[in-house]
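Colleague: The following block contains a protein sequence and its predicted model.
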Amino acid sequence: RKPSTAQPLQIPLLVLSGFTTRRKMSLDEQFNACAEEVKNKINKTLSDDELKEIYALFKQGTMGDITIDKPGMLDVKGGAKWEAWNSKKGMDQEEAKKKYIELANEMKEKHGIKE
């Protein structure tokens with residue numbers, strides 16, 4: 001009888017954003033996981049500039065270049081969001097997603113997450 005040549009099962013694990021998975025997450029999966037954390041877990045202590053930057057990268061990553069008209073002067077918040085998104089015009093969607101992931105991770109470190 002031959003000795004067994006079967007190798008023990010080895011499952012490489014990647015721990016990312018609190019999830020354990022057998023494979024590396026795709027860029028879209030990482031982006032969506034980070035977006036969920038920004039929306040629901042990061043403490044709401046981000047500055048206005050941080051909020052505008054994370055918003056702009058999210059919109060550029062999901063929709064590409066801005067296609068809507070700038071809101072009127074009375075819509076201050078809408079105007080600020082439009083300006084932030086417009087500042088990313090021409091950035092590739094994949095690049096925006098990568099930058100969003102980086103910024104989201106920085107914000108987790110800086111502001112902490114809710115348990």
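Modeller: Received the coordinates, thanks.
Colleague: what is the mean pLDDT for the helix ranked longest in the chain?
Modeller: Ranked by residue count, the top helix of the chain under DSSP state H comes out as helix 93-111. For helix 93-111, mean pLDDT rounds to 95.
Colleague: Counting by contacts, list what that helix packs against.
Modeller: helix 27-40, helix 48-63 (3 or more Cβ pairs under 8 Å, 6 or more residues apart in numbering; DSSP states H and E). All C-beta spots, glycine's among them, are computed from the backbone N, C-alpha and C.
Colleague: how about the last one: buried residues?
Modeller: Taking 16 or more other Cβ atoms under 10 Å as the neighbour-count basis, helix 48-63 is seen to contain the buried residues E50, L51, K52, E53, I54, Y55, A56, L57, F58, K59, Q60, G61.
Colleague: now swap in the shortest one and tell me
Modeller: For helix 27-40, the buried set under the neighbour-count rule, 16+ other Cβ under 10 Å, comprises Q30, F31, A33, C34, A35, E37, V38.
Colleague: right, and out of these, which lies closest to D69?
Modeller: A35 (25.4 Å; Cβ to Cβ).
Colleague: Got the confidence number for the spatially closest residue to that closest one that is not a sequence neighbour?
Modeller: Nearest non-adjacent residue to A35, counting by Cβ to Cβ, 6 or more residues apart in numbering: F58, 6.4 Å away. What the model reports for F58 is a pLDDT of 97.
Colleague: All set, thanks.
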